[in-house]
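1. 3D, please:
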Amino acid sequence: MNLNRIPIRPWLLAVILALAPTASAEWKEKVLYSFQGGSSDGSTPAGGVVFDSLGNLYGATSGGGSGSCAGFFQCGMVYQLSPPAQKGGPWTETVLHNFQGNKSGDGTSPGGGLVIDKAGNLYGTTGYGGTGGCVLLGSKEGCGTVYELSPPKVKGGAWTEKVLYSFKGGKDGYVPDGDLVFDSAGNLYGATLFGGGKGTSCNSLYQYCGTVFELSPPQQKGGKWTEKVLHSFAGGTDGATPNGGLLLDSKGAIYGTASTGGNQGCKTNDSIGCGTAFELRPPLTKDGAWPERKLHVFTGGNDGANPNGGLIFDAKGAIYGTAGGGGAVSEGIIFQLTERGGTWGETVLHRFSGSGNAPCCPLAGLVSDASGNIYGPALGGVSGRGIVFRLKNALPGGRWSLTVLYNFTGTIDGHWPEARLTFDSAGNLYSTTQGGGSGSCQNGCGTVFEVSQ
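-> Residues are numbered from 1 along each chain as shown. Prediction:
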């Protein structure tokens, strides 16, 4: 297959649920690290960050790195940020892995953030690379990978990267996007934007409409991980181009969103269909099909359009997420999905206007604190370079109120926050910006930041 006309775009990433103390307004931002780009460092963070048990932060960048990749994009890398030895000191960056691209059978251009297991191993996806036969700009660049990075056995040693699966580009999917998620048995779940073997209406340039997949660890040490497509999207009245950052419940059901498809009469940007929220139920028999149920089909009106993935639950089982568009005067929404009597209904909790200095266009999912307040990043704001917000459920009648916790200026402090937030134990928020910082890239190379009270 030929991917010559697939755009290289910043990865829109999903978000995980986290618990932290309740917040207040007037938070302060601190840049923990500014990426410098080039061959010695990364650029354009691919997703958010995750903590290990020692307080180190980990993430990936889609650009930069010392790997040699063809075309107009770079290979990317995985990094560690270690906290300062003394309070107020600088965080220290260490490059853990430089991706080498398809010619080496390695990944290229990470397509999401990382997840971490109890042993400290890191897992993520690359949008390209691997051993698959996909062609980009006339050259074989691979169809994407799922990879693992294992910490050194000796302090100060090198981390070890292993490609767990290389997508082939057909029915198994290609171009994985967004964060992975573990189940209790150690299986990984994710999504690919394209492939799957179904659908011709999702986009005339791309083959097939995407997948949700499961990657199972080997039964014996040293064996291969096994990929299984749980659902292939068909476009049309079904979803298309599914987001990563899937949500699992205690019964093994999978919840997620597809950014397009669903309502064929809804046209936004260059897509057909405004997207869906869906549930995949575990099969009744071994190796059976995972039945899909659409929880909501977005229409592009007051209910929003083009959901971003990264759904979260509350304590009562309601689902929350974001959509980047919808409606003549709306620049995105925060929505709630609630089940009553077997039927799911949508409630819009906040509608972004984007007018004047108002924020617009949420491009990532959400996190929640112990009081049920919701936090996330969005574009727009005073400078137009992005914000961090809190949505608080404390008004009479169950109404929600949005507060801007921080407005990015678009300079050293970063701009374009488009990745999930994560809490530390003290209730501070951490994530990345696509641009800004002190790096020499045209719009800055991106940052890792902390927002605190």
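2. where do the strands of the stretch 101-250 of the chain begin and end?
-> Secondary structure of the stretch 101-250 of the chain by DSSP state E, counting those that start in this stretch: the strands cover 107-110, 115-116, 122-129, 135-136, 139-140, 145-150, 160-166, 174-182, 188-194, 211-216, 226-232, 239-242, 247-248.
3. where does pLDDT dip in the stretch 301-450 of the chain?
-> The stretch 301-450 of the chain contains residues with pLDDT under 70 at 327-329, 394-396.
4. that one: strands as residue ranges?
-> With DSSP E, counting those that start in this stretch as the criterion, the stretch 301-450 of the chain has strands at 305-307, 312-313, 319-325, 333-340, 343-351, 359-360, 367-368, 374-380, 387-392, 401-407, 422-423, 429-433, 447-452.
5. the helix or strand hosting residue 295 vs strand 319-325, what angle?
-> Residue 295 belongs to strand 292-297 when assigned by DSSP states H and E. Strand 292-297 and strand 319-325 meet at an angle of 60 degrees, taking axes from the mean of the first three to the mean of the last three C-alpha atoms, to 10 degrees as the criterion.
6. what pairs with strand 292-297, and is each one parallel or antiparallel?
-> strand 276-280 (antiparallel) (DSSP bridges).
7. show residues contacting the partner strand.
-> Strand 276-280 is contacted from outside by 212, 230-231, 238-239, 253-258, 261-262, 290-298, 307, 311, 319, 321, 337, 344, using C-beta atoms under 8 Å, 6 or more residues apart in numbering. The way it works is simple: take the backbone N, C-alpha and C, and place the C-beta from them, glycine included.
8. close enough to count as contact, residue 74 and residue 68?
-> No - between residue 74 and residue 68 there is no contact under C-beta atoms under 8 Å: 9.2 Å.
9. higher neighbour count, those two?
-> With neighbours defined as other C-beta atoms under 10 Å, residue 74 and residue 68 compare such that residue 74 has more, 26 against 13.
10. skipping adjacent residues, who's closest to that one in space?
-> With C-beta to C-beta, 6 or more residues apart in numbering as the criterion, residue 74 has its nearest non-adjacent residue at 4.6 Å, and that residue is residue 63.
11. any idea how far the one you found is from residue 166?
-> 21 Å (C-beta to C-beta, to the nearest Å).
12. do residue 42 as well
-> As for residue 42, its distance to residue 166 is 22 Å (criterion: C-beta to C-beta).
13. who's more crowded, those two?
-> For residue 42 versus residue 166, the count of surrounding residues by other C-beta under 10 Å is larger for residue 42: 31 against 24.
14. next, count neighbours for the residue nearest to residue 74.
-> 26.
15. then residue 224?
-> Residue 224: 11 neighbours (other C-beta under 10 Å).
16. for it, give me its contacts.
-> Contacts for residue 224 (C-beta under 8 Å, 6+ apart) come out as residue 218.
17. the chain should start at 291 in everything you say after this.
-> All right, first residue 291 from here; so that's residue 514.
18. do you know how far it is from residue 692?
-> As judged by C-beta to C-beta, residue 514 and residue 692 stand 47 Å apart.
19. repeat for residue 634
-> 24 Å.
20. just residue 477 next, same as before
-> Look at residue 477 and residue 692: by C-beta to C-beta, they are 36 Å apart.
21. again with residue 644
-> Distance from residue 644 to residue 692, by C-beta to C-beta: 13 Å.
22. cool, residue 655 as well?
-> 16 Å.
23. in terms of neighbours, single out the busier of those two.
-> For residue 655 versus residue 692, neighbours defined as other C-beta under 10 Å are more numerous around residue 655 (33 against 18).
24. count of neighbours near the nearest residue to the more buried one once chain neighbours are set aside?
-> The shortest distance from residue 655 to any non-neighbouring residue, by C-beta to C-beta, 6+ apart, is to residue 600 (1.9 Å). Counted by other C-beta under 10 Å, the residues lying close to residue 600 total 31.
25. gap between residue 600 and residue 520?
-> Residue 600 is 19 Å from residue 520, where distance means C-beta to C-beta.
26. same question for residue 593.
-> When distance is defined by C-beta to C-beta, residue 593 is 26 Å away from residue 520.
27. again, but for residue 666
-> Distance from residue 666 to residue 520, by C-beta to C-beta: 27 Å.
28. those two: which has the busier surroundings?
-> For residue 666 versus residue 520, the count of surrounding residues by other C-beta under 10 Å is larger for residue 666: 29 against 18.
29. for the more buried one, name its beta-bridge partners.
-> Per DSSP bridges, residues listed as beta-bridge partners of residue 666: residue 679.
30. also the one 4 residues further on?
-> For residue 670, the beta-bridge partners are residue 649, residue 675 (DSSP bridges).
31. per-residue pLDDT, the residue lying closest to residue 572 once chain neighbours are set aside?
-> Leaving out its chain neighbours, the residue that sits closest to residue 572 by C-beta to C-beta, 6+ apart is residue 542, at 4.4 Å. You'll see residue 542 listed with a pLDDT of 94.
32. thought residue 542 was touching residue 473?
-> Yes - with contact taken as C-beta under 8 Å, residue 542 and residue 473 are classed as touching, separated by 7.0 Å.
33. which other helices and strands contact the strand or helix carrying residue 383?
-> Residue 383 is part of strand 382-388, with elements assigned from DSSP H and E. Contact here means 3 or more C-beta pairs under 8 Å, 6 or more residues apart in numbering; DSSP states H and E; on that basis strand 382-388 packs against strand 367-372.
34. what packs against the strand it packs on?
-> Using 3+ C-beta pairs under 8 Å, 6+ apart as the test, strand 367-372 ends up in contact with strand 347-354, strand 382-388.
35. so which of those strands gets nearest residue 721?
-> Taking C-beta to C-beta, strand 347-354 is the member of these nearest to residue 721, at 9.2 Å.
36. quick check: buried residues in that closest one?
-> By neighbour count with 16 or more other C-beta atoms under 10 Å, strand 347-354 contains the buried residues 347-354.
37. those residues: which two are farthest apart?
-> Greatest spatial distance among the buried residues of strand 347-354 (C-beta to C-beta): 347 and 353, at 18.8 Å.
38. the residue nearest to residue 364 bridge partners, please.
-> residue 333.
39. what about it, distance to residue 324?
-> 14 Å.
40. kindly report the same for residue 740.
-> Distance check for residue 740 against residue 324: by C-beta to C-beta, it reads 13 Å.
41. neighbour count: the two, which is higher?
-> Just comparing residue 740 and residue 324: by other C-beta under 10 Å the higher neighbour count belongs to residue 324, 22 against 18.
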